[in-house]
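Student: When you get a sec, could you give me coordinates for this:
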Amino acid sequence: MTLPYIIFATNNQHKADEIRQVLKNLFEIKTLKDAGINIDIPEPYDSLEENAREKSTVIHSLTGANCFSEDTGLEVIALNGEPGVKSARYSGEETNFKKNIEKLLFNMKGIEQRDAQFRTVISLLLEGKEYQFEGICKGTITEVEKGENGFGYDPVFIPLGSDKTFAEMTMDEKAVFSHRKKATQQFISFLNNYNGQD
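Tutor: Sure thing, here's the model as predicted:
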C-alpha cells in the first residue's frame, strides 16, 4: 500500500530530517508545521510507548489522517535509566540540551560504568489502528562533549562499534547506528507489506 502522505507528529525538524533520510522518498512525510498544526503535544507518561501513543492519537483525532509519532529517550544504566522519558526536559521544563548535557555529565562524574542506550518507539495510527516499532542503539557516555553535528545528547554518546560520538558523524554515518533508523526500518517494512489487515 502506497500512502500519498503521512503526518509525523513532531515539531522537531532534526527528527523529521532523520526519518526522511531513512525513507529515501518512499513516502511523503509532513511535519505538524507542514500540515498547518501549531500545537505542542504533552508527554505526560512514564514510558516511551505511552508518550508516543499519546502524540499519534492527538494528531489522528485532530485530522483523521494516517499519522505517526515517536518518543526517544537516552537510558543510562548507572543512573537507573535516567534521563529516559525526561530526556528532552532533563534539566527543567524548558527543552535546553546544553543544560541537559551539563546535568548528565555532572551526574556521571566519577562513574566508571558509562553504558547507555538510545531507545526510540514509533507509534503508527493507520486506518484507525495502532502499531508500534522499537529501535535501540547501545553505547557509552563520554566525559566531555565532542563534535558539532546532530542534536540532543549526540555530543556525549558514542555508539557501540564506533570511536566517534554521534555529533562527530555525518548524517549518513549516524544512520549506520541510529536507533531511530532501526525503528523506522521496521515501520517502512510494515507499510510496504500492509494490506489493510492485522
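
Student: Distance of the spatially most central residue of the chain relative to residue 19?
Tutor: For the chain, the residue nearest the mean C-alpha position is residue 72 (3.8 Å; Cα atoms, centre = their mean). To residue 19, residue 72 is 11 Å away according to Cβ to Cβ, to the nearest Å. From N, CA and C alone the C-beta is placed, and that goes for glycine too.

Student: Equivalent analysis for residue 70, please.
Tutor: According to Cβ to Cβ, residue 70 and residue 19 sit 8 Å apart.

Student: Give me the common contacts of these two.
Tutor: residue 180 (Cβ atoms under 8 Å, 6 or more residues apart in numbering).

Student: Between the two, which is the more surrounded one?
Tutor: More crowded of residue 70 and residue 19, by other Cβ atoms under 10 Å: residue 70, with 29 against 23.

Student: Surely that one is within a strand?
Tutor: Yes - assigned with DSSP: H, G, I helix; E, B strand; the rest coil, residue 70 falls within a strand.

Student: Name the residues contacting each of residue 72 and residue 19.
Tutor: Common neighbours of residue 72 and residue 19, counting by Cβ under 8 Å, 6+ apart, are residue 180.

Student: Residue 48: how many residues sit nearby?
Tutor: Residues contacting residue 48 under the criterion other Cβ under 10 Å number 24.

Student: Quick one: residues contacting it.
Tutor: Residue 48 sits next to 71-73, 84-85, 119-121 when contact means Cβ under 8 Å, 6+ apart.

Student: Report the separation between it and residue 135.
Tutor: Applying Cβ to Cβ, the value for residue 48 to residue 135 is 11 Å.

Student: any shared contact partners between these two?
Tutor: With Cβ under 8 Å, 6+ apart, residue 48 and residue 135 have common neighbours 119-120.

Student: Can you show me the helices along this structure?
Tutor: Residue ranges of the helices in the chain, as given by DSSP state H, are 13-23, 48-63, 97-107, 171-177, 179-193.

Student: any idea which of the ones you listed is most buried?
Tutor: Mean neighbour count (mean count of other Cβ atoms under 10 Å) peaks for helix 48-63 among the helices of the chain, with a mean of 20.

Student: In CSV, please show the C-alpha coordinates belonging to that one.
Tutor: Provided in CSV are the C-alpha atoms of helix 48-63 (Å, rounded to 0.1, in the frame of the first residue of the first chain):
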residue,chain,number,x,y,z
LEU,A,48,8.2,6.0,25.7
GLU,A,49,5.4,3.7,24.4
GLU,A,50,2.6,5.6,26.1
ASN,A,51,4.0,9.0,25.2
ALA,A,52,4.4,8.0,21.5
ARG,A,53,0.8,6.7,21.6
GLU,A,54,-0.5,10.0,23.1
LYS,A,55,1.1,12.1,20.3
SER,A,56,-0.2,10.0,17.4
THR,A,57,-3.6,9.7,19.0
VAL,A,58,-3.9,13.5,19.4
ILE,A,59,-3.0,14.2,15.8
HIS,A,60,-5.3,11.5,14.5
SER,A,61,-8.2,12.9,16.5
LEU,A,62,-7.5,16.4,15.1
THR,A,63,-7.0,15.4,11.4
